[in-house]
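Asker: predicted model follows, preceded by the sequence.
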Amino acid sequence: MKSMKRTIEVLSDKDLMKQIDESKKARAAGKVRNFDDVAKELSI
């Protein structure tokens with residue numbers, strides 16, 4: 001029940017949903033790099 005309440009809170013937060021949408025668009029445009037890829041490149 002706690003996770004469902006938190007999900008509803010997130011979905012109701014217009015600013016957070018806008019950030020999520022912008023992040024999805026940035027990823028689709030190739031502007032975001034995968035952490036594992038960066039870590040491998042840096043040998044960490």
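Answerer: Happy to help now that I have it. Quantities reported herein were computed from a predicted structural model and do not represent experimental measurements.

Asker: which residues of this structure fall in strands?
Answerer: Using DSSP state E, the chain contains no strands.

Asker: show me where it has its helices.
Answerer: Remark: helices assigned in the chain by DSSP state H are 2-12, 14-28, 35-42.

Asker: want to throw those into TSV with mean pLDDT?
Answerer: Formatted as TSV, the helices of the chain follow (pLDDT from 0 to 100):
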stretch	mean pLDDT
helix 2-12	95
helix 14-28	96
helix 35-42	93
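
Asker: now those helices in TSV, with mean neighbour count?
Answerer: C-beta: built from backbone N, CA, C; applies to glycine. Listed next are the helices of the chain as TSV, based on neighbours: other CB atoms under 10 Å:
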stretch	mean neighbour count
helix 2-12	9
helix 14-28	11
helix 35-42	9
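
Asker: what sits closest to residue 11 if chain neighbours are left out?
Answerer: residue 17 (6.8 Å; CB to CB, 6 or more residues apart in numbering).
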